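In: sequence first, predicted model second:
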Amino acid sequence: MNNNNIQEILLQEHNRDKKLTFYAFAFYAIIGVLVIIALFKMLLSNFTGTTPTYYKLIGPVIIIGFGIVVFKKIKALNTRHLLIEQLFNNLNNGKKASSITQYIDYKVILPLGRMKIKLLPVNFLTFSLANQQYILPVPVGIESDFKVLLSGVNINHVNTLKENLYNDSKIESSQPVALKSIAEFKDYANQELTPILEKMEKSRKKGLSFSIIAILFSLLVVVGFLVLNYKTISNAENTTTETYGSSVFMYYIIGFGILFALIYLVYMPMMKKKYQQVGDSGENYTSFKERILKQMISFINPSFQYVEHGYIGKKELEEIAILKDKNYDITGNDQILGSHNGVPFQYCDLHITYMPSIRLEHQSAEEIFSGQFFMAKFNKTFNTQIVVSPKTGVSGFITSNSFSANIIQPSNKIMLEDPEFTKMFDVYADDQIEARYVLTPSTMQNIKDIAVKAKGNLFLFFTNNKIIVANNNRENKFETGVTTKLKPELLTSFYEDLYKQFSIIDDLKLNINIWKQ
């Protein structure tokens, strides 16, 4: 899938969202008119000559407010195709998105007691690019490909790397090249990365001080508003009920007016100025992944492709068929693709959740998997799937149970000769002979070593011609923020995590063709 394909699909989804939005407006407009008529009949009978005028204006104000919202929404819908065109012009010029979030907008929601029926879902992505905020409908099927584009990388190159992983070509045995050691990385980091990191740390401290000022400013405004409201109530003890109600109402209007005036006239300009100072400090701490992590990956191997917002998408998970067929929500980041010692691979942080279509009002999504997902080509095509899952204690049961319950698990449990391995893992396969053929004593020892390094709930899958290592540790690696101190020790910790991931290929000797046909 290339840029033009994705742009065409986005325009089609835009038209679909536009149509569904108009249907929803019509549905809610009919319900709204009926509700307003009923309320007017009920309220007008209670209005008297002494009723304050502003009570009589509530209905018209609500209708006018709703009309303004609808008008702005229709205007945005009618111009969104131009925004999509502008977006792809920026992407073709090498621009990169930031602050990507996603959500599902249900156009019609019907509350039925404690349950809600949500209809006409549309998946949206929000992000910033070239000082422009975008809110676009994106079909789930192309979401992961679209995020590759938003990461500012060449999608054709990424597709080529994936093709190397998914095709049926054999891995040629070769003399392995060792990963660069932790000591080698420290020397490189001291020379190349530490000067950049120091500037980022100064930027982070400015950002942190700004956040503290913003919090104090907000608290000051809230406290001031509460004091104003308290004085209003204290001064209203000897007034009539009508005068008291009018007084409180007016003070609330004045208070909120002052609050919003302070936000837009004082707080927002101050925030803009502070952010400009942070950006002008030499290195913005928010660009850590672009300026630091990307160079760390290049240090390991310059041919590796880093995709900041990329991950293994829904279509790929369906193809490898390790999870039960459900409508999962899948997100992730920090995708790395390439070939190490001749073995094609891809890695990412992955987050999988599931939400049933019909659910209780306050029911949240079930977290299925959250951790690191590593996939590499194997030197053998398996006739059946082999699953290696960790034995769970109390804590392990809590953190890995949802993932275990959603795995497509072969029917037969295989008993192996390694007692230490059987204490750590359960093995399932339909073909016991093939499972023993794959899980040799040396392979089991290597898996045990990997599990010790991973420090999580490690699952392994041997399927088709691939090995998948999924660490369900509830961690999102390589993340920094305004409260994260940017020190050289942090870089060493991140490099150790990368080293552990890529050493899986060496530990399992995936580049050596030991499988005889």
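Out: Looks like it came in fine. Note that the structure is a prediction, hence the values are computed from the model and not measured.
In: now do the buried residues in whichever helix or strand residue 68 is part of.
Out: Assigned by DSSP states H and E, residue 68 belongs to helix 58-92. Going by neighbour count (16 or more other C-beta atoms under 10 Å), the buried part of helix 58-92 is 77, 80, 84, 87, 90-91. All C-beta atoms are positioned from the backbone trio N, CA, C, and that covers glycine.
In: could these go into TSV alongside pLDDT and distance to residue 179?
Out: As requested, those are arranged in TSV below (pLDDT from 0 to 100; distance: C-beta to C-beta, whole Å):
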residue	pLDDT	distance to residue 179
77	91	51
80	93	47
84	94	42
87	94	38
90	93	37
91	91	33
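In: tell me the two of those residues that are most distant?
Out: Farthest pair in the buried residues of helix 58-92 (C-beta to C-beta) is 77 and 91. Separation: 21.9 Å.
In: dump the helix or strand harbouring residue 184 to PDB, keeping only the CA atoms.
Out: For residue 184, the enclosing helix or strand under DSSP H and E is helix 182-188. Below are the C-alpha coordinates for helix 182-188, written out as PDB (Å, rounded to 0.1, in the frame of the first residue of the first chain):
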ATOM      1  CA  ILE A 182      27.200  -2.400  26.200                       C
ATOM      2  CA  ALA A 183      30.800  -1.100  26.700                       C
ATOM      3  CA  GLU A 184      31.100  -0.100  23.000                       C
ATOM      4  CA  PHE A 185      27.800   1.700  23.200                       C
ATOM      5  CA  LYS A 186      28.800   3.700  26.300                       C
ATOM      6  CA  ASP A 187      31.900   4.900  24.400                       C
ATOM      7  CA  TYR A 188      29.800   5.900  21.400                       C
END
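In: for it, packing partners?
Out: With contacts taken as 3 or more C-beta pairs under 8 Å, 6 or more residues apart in numbering; DSSP states H and E, helix 182-188 sits against helix 294-300, helix 488-507.
In: now the last one: buried residues?
Out: The one in question is helix 488-507. Across helix 488-507, burial judged by 16+ other C-beta under 10 Å covers 490-491, 494-495, 498-507.
In: of those, closest to residue 61?
Out: Among those, residue 490 lies closest to residue 61 (C-beta to C-beta), at 52.8 Å.
In: helices or strands next to the helix holding residue 68 in the packing?
Out: helix 3-44, strand 115-129, strand 132-137.
In: quick one: low-confidence ranges for the protein?
Out: Applying pLDDT under 70 to the chain flags residues 39-60, 62, 173-174, 218, 221-222, 224-283, 357-361, 393-400, 456, 511-517.
In: now the strands for it?
Out: 98-112, 115-129, 132-137, 305-307, 328-340, 343-354, 358-360, 366-377, 386-390, 413-414, 425-429, 458-463, 466-471 (DSSP state E).
In: would you list the strands that the second one pairs with, along with their directions?
Out: Right, the one you point to is strand 115-129. With DSSP bridges as the test, strand 115-129 is paired with strand 98-112 (antiparallel), strand 132-137 (antiparallel), strand 358-360 (antiparallel).
In: one more: the shortest one?
Out: Each strand that pairs with strand 413-414, with its direction, by DSSP bridges: strand 425-429 (antiparallel).
In: surely residue 434 and residue 384 touch.
Out: Yes - counting by C-beta atoms under 8 Å, residue 384 is a contact partner of residue 434 at 6.5 Å.
In: please identify which of those two sits among more neighbours.
Out: When neighbours are counted by other C-beta atoms under 10 Å, residue 434 and residue 384 differ, and residue 434 comes out ahead with 17 against 13.
In: from residue 469, how far out is that one?
Out: Taking C-beta to C-beta, to the nearest Å as the measure, residue 434 falls 19 Å from residue 469.
In: do residue 309 as well
Out: The gap separating residue 309 from residue 469 is 22 Å, by C-beta to C-beta.
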